[in-house]
Every structure is written in C-alpha cells, then in structure tokens.
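J.: Curious how this folds, go ahead:
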Amino acid sequence: MPKGATQTKTLKVGDKAPDFTLKAHGNRTVTLSDYLGKKNVFIAFYPLDWTPV
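T.: Sure, this is the predicted structure:
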C-alpha cells in the first residue's frame, strides 16, 4: 500500500460514508462533514473530457 494511503471497505446502500476532504475547482477544498444535516450530497467521479477512456 502506498505511503499515506488508507485501507477502505466497500460501502453498501444505506451505509454512512466516511468523512473525507477533496480538492475542488478554484483551488478550494470540500469536506463531506461540512454538509452533514444541511444538504443532500451526490458524488460522481468521471475522467476529464479530453482523456482517453
């Protein structure tokens, strides 16, 4: 496992997502727990438009 990496488990429908922080557009960071109880969150990951898939 790479240095700094953590082992994860597979989430199932209804599981609570672990808290995380990601880099966002505009040199911002977004932390999941900032939205807890305030908004619904939908997370999607996709490759950049100009990258081969």
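J.: Phe20 and Ile43: what is the separation?
T.: Going from Phe20 to Ile43 by C-beta to C-beta, to the nearest Å gives 9 Å. C-betas here are computed from N, CA, C, even on glycine.
J.: Now for the two: what residues contact both?
T.: The contact sets of Phe20 and Ile43 do not overlap (C-beta atoms under 8 Å, 6 or more residues apart in numbering).
J.: so after the helix or strand of the chain with the lowest mean pLDDT, what's the next helix or strand?
T.: Here the helix or strand of the chain ranked lowest by mean pLDDT, DSSP states H and E is strand 21-24, holding a mean of 88. From strand 21-24 onward toward the C-terminus, using DSSP states H and E, the following helix or strand is strand 28-31.
J.: Which strands border that following strand, and is each parallel or antiparallel?
T.: Paired neighbours of strand 28-31 in the sheet (DSSP bridges): strand 21-24 (antiparallel).
J.: centre of the chain versus the strand it pairs with, how much separation?
T.: 7 Å (C-alpha atoms, centre = their mean, to the nearest Å).
J.: Run through who's touching that strand.
T.: Taking C-beta under 8 Å, 6+ apart as the rule, strand 21-24 contacts Thr29, Val30, Thr31, Leu32.
J.: Low-confidence stretches in the protein?
T.: Across the chain, the ranges flagged by pLDDT under 70 are 1-2, 4-5, 53.
J.: How much space separates Tyr6 from Pro47?
T.: One thing to correct before we go on: residue 6 is Thr, not Tyr. 23 Å.
J.: ok, of the contacts of strand 21-24, which one's closest to Gly14?
T.: When the contacts of strand 21-24 are ranked by distance to Gly14 (C-beta to C-beta), Leu32 comes first, at 16.4 Å.
J.: got a list of what that closest one touches?
T.: Residues in contact with Leu32 (C-beta under 8 Å, 6+ apart) are Ala17, Asp19, Phe20, Thr21, Val41.
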